[in-house]
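Engineer: below are the sequence and a predicted model; questions follow.
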Amino acid sequence: MTKGMQGRFLLLYGSQTGQAKAIAEEIYENAPHHGLQPEIHCLSMTDKKFSLEKEACMVMVVSTTGDGEPPETATKFWRRLKKKTLPGDHLAHLNYAILGLGDSNYNNFCRNPKNFEQRFEELGAKQFYPSGFADDAVGLEVVVEPWIDGLWPVLRKQLGLSNNECTSNGVMEPTENKSITQSTGDDSDSGTDVDNPYGHRKSHQDVEKRTSPDVKIQTEAGTRTMSNDNRTNPTTLNNDTENDKADANQTSTDSGTSPLTQDSLRTNQSEGETVVDSTQNKGPSLTCSVPPLSESGLTLPLLPPAYLEVQFHKDLVMSPDQLTLQGSASYPSAQSDVSMATIVSATKLTRDDAVKTALDLELDISDAPIDYQPGDAFSIICPNPSTEVDLLIQRLGLSEQADSVFSLQLIANTKKRRATIPDYIPKTCTVRHVLTHCCDIRTPMKKAVLRMLVEHTENAREKRRLQELCSKQGINDYGAFIREGCVSILDVLIAFPSCNPPLGRLLEHLPRLLPRPYSISSSPLVDPKRLHFVFNIIEFPHSHGRAMARQGVCTGWLNHKTQPIQQQVSTDVKGQDVEMNMAALSISEKSKVLIFARTNTHFRLPEDPSTPIIMIGPGTGVAPFIGFLEHREMQLNKVAENGDDTIKFAPSWLFFGCRHKERDFLYRHKLEHFVKTGVLSRLHVSFSRDATNGTIAPKYVQDNLRLHSTDVLDLLLEKNAILYVCGDAKNMARNVNETLLELIGKHTGKGAYDATLILAKLREEKRYREDIWT
């Protein structure tokens with residue numbers, strides 16, 4: 001593309017899981033409708049496809065990974081950008097805007113895009129549009145949509161273009177909000193404050209009520225009208241309030257899904273209604289709209305152009321073992337090749353009456369090129385639940401073609417720019433394979449998917465509701481009934497029976513099925529060919545629009561695979577926990593899993609064993625610390641055997657918590673053993689649901705931190721201890737951080753700001769390390 005082209009700007013993205021890339025591509029697709037011509041590149045292409053030194057205007061979409069670090073695709077770019085030899089006016093010619101993606105459940109929210117912003121300023125670049133920082137904890141769309149809406153007029157002004165709408169170059173004329181219109185960046189009716197383009201949307205109460213009986217949809221081909229006589233009344237398609245009660249006792253199938261039955265779901269195709277029971281719905285739900293939204297004019301996103309064509313090959317037959325897993329695509333964060341491991345044991349660490357079921361699995365990695373250290377993580381490549389795949393195939397009307405071979409081709413003359421066939425879909429594939437191993441069929445539907453589904457929905461009421469869910473005015477309903485409810489494509493298709501999208505359109509929008517990461521809970525010094533990890537079996541009840549109860553994609557799959565060999569931690573006659581001797585079990589059919597090592601260099605034991613360590617890991621967050629302690633025990637034994645008294649081992653503390661001491665005290669026998677042998681200096685436990693009989697007892701790990709604050713802060717601030725936190729990011733890790741700030745303030749006599757600086761310094765020195773997740 002010629003750099004002198006009118007409306008040209010550089011569009012860059014740095015993505016770890018694909019979200020930043022998808023948003024950048026959305027900007028790229030919509031830019032021509034605003035008379036703009038972006039040149040788009042991944043940040044990994046620096047100096048190959050682009051050079052900031054030659055650019056005048058740049059827009060960047062970039063995510064944050066790890067502990068506020070850049071995604072792998074942006075590391076080289078960031079490394080070059082932060083060179084200290086660059087002069088202060090190195091980028092004085094550059095005007096830029098940044099859209100950052102992050103998750104506020106983590107302490108370093110959007111740290112990476114903020115680092116980029118700071119560095120650009122240090123190098124003299126000028127910001128022409130305020131940065132947007134989208135939060136995955138509340139929904140990226142809350143910030144992303146208004147930020148993009150506000151970008152267009154500012155970007156046109158920056159490039160010296162008039163903001164008068166010009167239909168000749170594809171930009172639509174503004175349309176009053178009495179009808180449904182395709183979004184073109186005009187934010188007069190979008191609930192967006194131009195001065196705060198990345199703020200929250202207006203609520204339903206802020207949207208003006210409309211009573212127009214017809215819905216007009218503006219498209220590039222013209223305007224078409226459909227009847228919408230009933231939109232002033234609540235449109236009840238599915239009762240999601242009275243009947244959406246969790247059934248945790250349902251029997252799971254091999255895929256971790258409770259199957260639908262004729263009694264639980266009755267579909268009236270002629271009326272386009274899905275009825276679960278006869279109870280009248282009182283409020284909004286996935287399929288029910290109420291005023292003011294049901295009476296509002298709507299602004300819809302542009303319809304994504306079709307670009308994939310499915311061609312079936314009736315004369316070609318392929319067995320499952322002939323199909324490549326995910327085409328030629330590499331796996332993100334992979335530090336090793338993908339290899340096969342064997343599950344040799346499965347131990348249930350919780351009692352049957354525990355709220356959650358925790359399993360410890362042992363893998364034989366003799367054939368895997370994995371050289372791990374305690375604290376490392378690895379990923380498991382898992383399939384989608386077979387029951388859900390079968391239901392989706394049936395719902396798409398492809399049962400007879402489920403195992404037929406097809407290939408994908410680009411549609412000739414597609415309007416999608418830079419259209420490519422996804423590299424994670426094999427060149428020749430089957431419907432069952434692509435939905436089982438390649439595409440994520442569980443992820444909550446993006447608005448672009450819902451917009452596409454509108455065009456393939458026949459029933460007027462269902463069409464209207466899908467329009468509402470993907471509209472700007474329906475952002476609250478989208479968050480409540482799609483994103484927060486974790487509603488999948490199958491859930492939507494069951495709830496809207498007149499919606500029948502073609503396979504090609506689904507494959508355009510379904511994201512890649514990604515491997516699931518797990519912390520290793522063992523030490524290679526015990527056995528370098530064996531690896532342990534622990535997980536809770538995730539349960540999703542039938543509620544909030546979910547058509548059925550289900551288990552986590554990977555945890556449910558692993559639970560099913562290990563059912564024949566699962567053994568429970570039992571208690572001997574002395575009341576001490578002992579683990580079953582799994583090596584003595586006869587396993588008739590050993591289960592295999594595909595794994596690879598993940599990159600990790602920060603969550604490891606200190607090289608110097610004389611450095612004190614403080615470990616905080618409630619629930620399954622204790623996993624890496626079991627590996628730490630096993631490693632320390634082997635090191636201590638070796639020192640004792642060699643009679644080497646020059647190596648000193650510093651104190652090691654562990655704060656653990658769970659609901660009940662007798663139900664879900666994970667690795668209790670191991671931890672008590674470590675205390676008895678002196679490997680673990682202090683073990684402080686808390687049980688949040690146990691009765692205290694009137695005594696004051698710590699309920700959570702932060703309570704124990706307060707009880708032992710003097711010793712903890714002495715280790716941390718005076719003896720240079722390393723603090724490790726592992727587990728839930730949303731509540732535990734945040735509460736621990738806040739507790740530490742409180743304790744540091746009291747201990748030092750300093751205010752909140754100075755306490756924050758002390759904690760920030762610990763992080764900078766890598767003495768406050770986290771391995772947390774949401």
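Structural biologist: Happy to help now that I have it. Numbering: from 1, shown residues only.

Engineer: now the helices: where do they sit in the stretch 401-550 of the chain?
Structural biologist: Taking DSSP state H, counting those that start in this stretch as the test, the helices found in the stretch 401-550 of the chain are 431-433, 447-454, 460-470, 475-478, 489-495, 503-509.

Engineer: hmm, I typed the wrong one, I wanted the stretch 251-400 of the chain.
Structural biologist: Using DSSP H, counting those that start in this stretch, helices in the stretch 251-400 of the chain cover 386-395.

Engineer: flag the shaky bits of it, pLDDT-wise.
Structural biologist: 251-282 (pLDDT under 70).

Engineer: all strands of it, in order?
Structural biologist: For the stretch 251-400 of the chain, the strands defined by DSSP state E, counting those that start in this stretch occupy 266-268, 273-275, 299-300, 308-313, 339-348, 358-364, 377-381.

Engineer: now, of these, which is deepest in the fold?
Structural biologist: Highest mean neighbour count of the strands of the stretch 251-400 of the chain: strand 299-300, a mean of 24 (counted as mean count of other CB atoms under 10 Å). For the C-beta atoms, the positions are set from N, CA and C on the backbone; glycine is no exception.

Engineer: distance of residue 695 relative to residue 746?
Structural biologist: The gap separating residue 695 from residue 746 is 25 Å, by CB to CB, to the nearest Å.

Engineer: repeat that for residue 44.
Structural biologist: For residue 44 relative to residue 746 (CB to CB), the value is 46 Å.

Engineer: looking at the two, which has the bigger crowd around it?
Structural biologist: residue 44 (17 against 13; other CB atoms under 10 Å).

Engineer: for the more buried one, what are its contacts?
Structural biologist: Residue 44 sits next to 14, 73-74, 76-77 when contact means CB atoms under 8 Å, 6 or more residues apart in numbering.

Engineer: please repeat the previous calculation with a cut-off of 10 Å.
Structural biologist: Neighbouring residues of residue 44 by CB atoms under 10 Å, 6 or more residues apart in numbering: 13-15, 71-77.

Engineer: what angle separates the longest helix anywhere in the chain from strand 358-364?
Structural biologist: If you go by DSSP state H, the chain has its longest helix at helix 623-642. Using axes from the mean of the first three to the mean of the last three CA atoms, to 10 degrees, the inter-axis angle of helix 623-642 relative to strand 358-364 is 50 degrees.

Engineer: elements contacting helix 623-642?
Structural biologist: strand 358-364, strand 516-519, strand 530-536, strand 613-616, strand 652-658, helix 668-677, strand 722-728 (3 or more CB pairs under 10 Å, 6 or more residues apart in numbering; DSSP states H and E).

Engineer: got the phi and psi for the residue sitting furthest away from the middle of the chain?
Structural biologist: Centroid-distance maximum for the chain: residue 643 at 49.5 Å, with CA atoms, centre = their mean. When read as degrees, to the nearest 10, the backbone of residue 643 gives phi 60, psi 30.

Engineer: how far away is it from residue 349?
Structural biologist: For residue 643, the distance to residue 349 - CB to CB - is 37 Å.

Engineer: got the CA positions of stretch 623-636 in CSV?
Structural biologist: Extracted as CSV, the C-alpha positions of stretch 623-636 are listed here (Å, rounded to 0.1, in the frame of the first residue of the first chain):
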residue,chain,number,x,y,z
ALA,A,623,-0.3,-27.4,43.6
PRO,A,624,3.0,-25.8,42.8
PHE,A,625,4.0,-25.6,46.4
ILE,A,626,3.7,-29.4,46.8
GLY,A,627,6.3,-29.5,44.0
PHE,A,628,8.4,-26.9,45.9
LEU,A,629,8.3,-28.9,49.1
GLU,A,630,9.1,-32.2,47.4
HIS,A,631,12.0,-30.5,45.7
ARG,A,632,13.3,-29.1,49.0
GLU,A,633,12.9,-32.5,50.7
MET,A,634,15.0,-34.2,48.1
GLN,A,635,17.7,-31.4,48.4
LEU,A,636,17.7,-31.7,52.1
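
Engineer: tell me the gap between it and the middle of its chain.
Structural biologist: Chain-centre distance of stretch 623-636: 30 Å, with CA atoms, centre = their mean, to the nearest Å.

Engineer: and the strands in the stretch 51-200 of the chain?
Structural biologist: 57-63, 95-102, 126-127, 132-135, 181-182.

Engineer: in the longest helix of the chain, which residues are buried?
Structural biologist: 623-633, 635-636, 639 (16 or more other CB atoms under 10 Å).

Engineer: from the residues you listed, which is closest to residue 154?
Structural biologist: Of all the buried residues of helix 623-642, residue 154 sits closest to residue 624, with 45.9 Å by CB to CB.

Engineer: against residue 518, how distant is that closest one?
Structural biologist: 10 Å.

Engineer: next: residue 752.
Structural biologist: 36 Å.

Engineer: the more surrounded of these two?
Structural biologist: residue 518 (23 against 11).

Engineer: contact partners for residue 682?
Structural biologist: 614, 651-655, 675, 704, 708, 711-712.

Engineer: okay, the helices and strands packed on helix 623-642 in CSV with distance to residue 448 next?
Structural biologist: As requested, the helices and strands packed on helix 623-642 are exported to CSV (distance: least, CB to CB, whole Å):
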stretch, distance to residue 448
strand 358-364, 37
strand 516-519, 25
strand 530-536, 32
strand 613-616, 40
strand 652-658, 41
helix 668-677, 48
strand 722-728, 31
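
Engineer: so what sits against both of residue 624 and residue 518?
Structural biologist: 377, 533.

Engineer: residue 97 against residue 116, yeah?
Structural biologist: No: judged on CB atoms under 10 Å, residue 97 makes no contact with residue 116 at a distance of 11.2 Å.

Engineer: so for these two, which residue has more residues nearby?
Structural biologist: Set side by side, residue 97 and residue 116 show more neighbours around residue 116, with 26 against 22, by other CB under 10 Å.

Engineer: what sits against the more buried one?
Structural biologist: Each residue near residue 116 by CB under 10 Å, 6+ apart is listed here: 14, 43, 60, 62, 70, 74, 77-78, 81-82, 96, 98, 100, 110, 125, 131.

Engineer: likewise for residue 416?
Structural biologist: 25, 29, 304-308, 410, 508 are the contacts of residue 416 under CB under 10 Å, 6+ apart.

Engineer: got a quick ChimeraX command for the buried subset of the residues you listed?
Structural biologist: Buried residues among these (16+ other CB under 10 Å), as a ChimeraX selection:
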select :25,29,304,306,307,308,508
